[in-house]
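Colleague: Next input, structure requested:
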Amino acid sequence: MKKVKQRTVFICNECGSKFPAWSGRCSNCGTYNTITEEIETVIPKSENFYSKSQPTPITQIKTRENFQRLSTGYKNLDEAFGGGFVEGQVVLVSGEPGIGKSTLLLKVSSNIANDKKVLYVSGEESEHQISIRAKRIGVSQQNLYILSDVSLENILEVIDNLKPDFVVFDSIQTIYSQSLESVAGSVSQVKYVCSKITEFSKSKGVISVIVGQVNKEGAIAGPKVLEHLVDTVAQFEGEKGYGYRILKIIKNRFGSSGEMAVFNMTDRGMEEVLDPSSFFLSEKPEGKSGSVIFPYTEGSKPVLVEIQALVSKTFYPVPQRRSQGIDINKLSIITAVVERELKINLKDKDIFINVVGGIEIDDPAVDLPLAVAIYSSYRDISVPSDTAFFGEIGLTGEVRGVYFSDLRIKECKKMGLKRVFASVKSLDQENIKVENIRSLSQIKEIFRS
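Modeller: Next up is the predicted model:
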């Protein structure tokens with residue numbers, strides 16, 4: 001029988017790095033006060049550790065062409081996941097506390113329970129608490145089972161006996177295994193629990209959704225290895241004070257990543273927003289300078305959003321640069337390029353940028369509408385409300401083409417816009433005029449026309 005050994009190690013809760021001794025700062029990720037002491041179990045490796053499996057030519061591997069997908073009950077969420085869930089799929093969902101993860105997953109569980117057997121495991125709430133929320137959002141399916149437990153061994157035993165088709169683990173940081181000495185939520189526990197859930201899901205063909213907590217930076221808490229263990233990683237986003245919620249697909253082995261689904265938080269739970277462009281542009285002001293429409297694309301799904309800029313004289317020795325929804329470094333770069341290419345002085349001006357609705361945008365195509373919004377506010381000239389801009393700007397002022405240009409233009413056409421400026425071939429489509437813009441200096445001509 002193999003001899004099991006135990007040793008004391010110090011592990012960073014942010015990146016999972018191991019150290020022989022404690023220190024106040026992790027030398028790998030640079031975070032402070034994240035290194036904790038844990039007991040690690042060491043099992044000697046087998047002498048016969050070589051794999052006995054044989055390689056197979058790729059042309060002889062049998063694949064399932066049309067595997068069955070399980071609908072979530074939300075049209076836009078199914079599209080984000082590539083058509084729905086796949087048998088044996090493991091999904092990691094993260095988001096800020098109170099953003100609505102549990103509410104959405106309880107509703108999804110209810111929708112699936114119409115045809116399948118579903119188990120909702122909660123380590124954060126009691127069964128009575130879940131029942132109260134279920135009544136509020138109208139969940140009452142007979143096939144939806146609730147389990148309040150934090151022991152991995154007990155949970156897996158219940159799953160083995162109940163044989164559900166769909167399981168939600170809320171959250172992985174609260175579940176622990178009795179095989180490890182460390183406390184729930186530690187790096188070793190989270191890694192072990194996630195690996196066991198993944199192994200169980202693949203062997204039994206059960207769809208598993210794991211809820212993960214986030215750290216102070218908004219990233220998924222725990223080591224990065226969690227994202228490699230699962231099939232799909234989804235990030236739930238939303239700003240306080242806004243009713244909308246966005247689920248972004250960061251990784252997906254059964255579909256394309258970068259997709260998103262938009263929801264509206266109500267007292268009856270999550271309501272899907274089938275037309276996000278109308279939702280975000282519903283209160284756009286008419287005839288105001290510094291407001292530009294931008295066809296933002298997350299994955300292959302374009303959404304029209306409003307980029308706002310306010311340029312005003314500064315009363316400070318150093319002008320302010322503030323941005324909400326766009327990286328502040330991008331704002332500094334675009335401001336410098338706008339100054340040089342459009343021959344305007346912004347050194348004595350405060351610049352404030354806002355993406356209406358609080359959306360976080362990491363899209364190179366936002367460069368052009370950002371520059372147009374700054375110039376529009378500086379000159380106090382409004383941009384027509386039926387016009388959109390998109391394109392990446394280089395340091396020499398050139399406007400470059402971006403991905404999914406056709407989809408962006410189609411979304412603009414769908415929403416009734418008449419003109420689109422972008423780095424594409426000049427193309428006049430029915431009911432919309434697409435104009436090619438190659439240099440930032442052309443903005444002056446656009447505002448004169």
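Colleague: in its sheet, what does the biggest strand by length in the chain sit against?
Modeller: Longest strand of the chain, by residue count under DSSP state E: strand 301-313. Paired strands of strand 301-313, with direction, are strand 291-298 (antiparallel), strand 349-355 (antiparallel) (DSSP bridges).
Colleague: buried residues in that strand?
Modeller: Going by neighbour count (16 or more other Cβ atoms under 10 Å), the buried part of strand 301-313 is 301-311. Backbone N, C-alpha and C define where each C-beta goes, glycine included.
Colleague: Let me see the mean pLDDT of that strand.
Modeller: Strand 301-313 shows a mean pLDDT of 93.
Colleague: do stretch 126-139 as well
Modeller: 92.
Colleague: Using PDB, write out the CA atom coordinates for that stretch.
Modeller: Taking C-alpha atoms only, stretch 126-139 is exported to PDB below (Å, rounded to 0.1, in the frame of the first residue of the first chain):
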ATOM      1  CA  SER A 126     -30.600  27.300   3.100                       C
ATOM      2  CA  GLU A 127     -33.400  25.500   1.300                       C
ATOM      3  CA  HIS A 128     -35.900  27.900   2.900                       C
ATOM      4  CA  GLN A 129     -34.100  30.900   1.500                       C
ATOM      5  CA  ILE A 130     -34.000  29.400  -2.000                       C
ATOM      6  CA  SER A 131     -37.700  28.600  -1.700                       C
ATOM      7  CA  ILE A 132     -38.500  32.300  -1.000                       C
ATOM      8  CA  ARG A 133     -36.700  33.500  -4.000                       C
ATOM      9  CA  ALA A 134     -38.200  30.700  -6.200                       C
ATOM     10  CA  LYS A 135     -41.700  31.900  -5.300                       C
ATOM     11  CA  ARG A 136     -40.800  35.500  -6.000                       C
ATOM     12  CA  ILE A 137     -39.600  34.700  -9.600                       C
ATOM     13  CA  GLY A 138     -42.300  32.100 -10.200                       C
ATOM     14  CA  VAL A 139     -40.300  28.800 -10.000                       C
END
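Colleague: Confirm that residue 375 sits in a strand.
Modeller: No: under DSSP: H, G, I helix; E, B strand; the rest coil, residue 375 falls outside any strand and is assigned helix.
Colleague: That one: what's it in contact with?
Modeller: By Cβ atoms under 8 Å, 6 or more residues apart in numbering, residue 375 lies in contact with 338, 342, 344, 443, 447.
Colleague: In terms of helices and strands, where is residue 445?
Modeller: helix 443-448 (DSSP states H and E).
Colleague: Reformat the strands paired with strand 301-313 as JSON lines; add mean pLDDT and mean neighbour count.
Modeller: Listed next are those as JSON lines, based on pLDDT from 0 to 100; neighbours: other Cβ atoms under 10 Å:
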{"stretch": "strand 291-298", "mean pLDDT": "92", "mean neighbour count": "25"}
{"stretch": "strand 349-355", "mean pLDDT": "95", "mean neighbour count": "21"}
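Colleague: Take those and write them to TSV, including distance to residue 192.
Modeller: Below are these laid out as TSV (distance: least, Cβ to Cβ, whole Å):
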stretch	distance to residue 192
strand 291-298	33
strand 349-355	40
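Colleague: what's the residue lying closest to residue 398 once chain neighbours are set aside in contact with, if anything?
Modeller: Closest residue in space to residue 398, ignoring its immediate chain neighbours: residue 439 at 6.0 Å, by Cβ to Cβ, 6 or more residues apart in numbering. Contacts for residue 439 (Cβ under 8 Å, 6+ apart) come out as 341, 397-399.
Colleague: If we only consider those, which is nearest to residue 283?
Modeller: residue 399 (29.0 Å; Cβ to Cβ).
Colleague: helix, strand or coil for the closest one?
Modeller: strand.
Colleague: got a pLDDT number for residue 267?
Modeller: Confidence score, pLDDT, at residue 267: 81.
Colleague: Quick one: distance of the longest helix seen in the chain to the chain centre.
Modeller: Scanning the chain for the longest helix, with DSSP state H as the assignment, gives helix 187-204. Remark: helix 187-204 is offset 22 Å from the chain centroid, using Cα atoms, centre = their mean, to the nearest Å.
Colleague: Next: stretch 175-190.
Modeller: 27 Å.
Colleague: list the buried ones in it?
Modeller: Those buried within stretch 175-190 under the rule 16+ other Cβ under 10 Å are 175-177, 180, 182, 184-190.
Colleague: Stretch 417-424 too?
Modeller: For stretch 417-424, by 16+ other Cβ under 10 Å, it's 417, 420-424.
Colleague: Helices - which of the residues you listed land there?
Modeller: Using DSSP H, none of those sit in helices.
Colleague: follow-up on the earlier one: go through the strands paired with strand 301-313 and name the closest to residue 59.
Modeller: strand 291-298 (36.0 Å).
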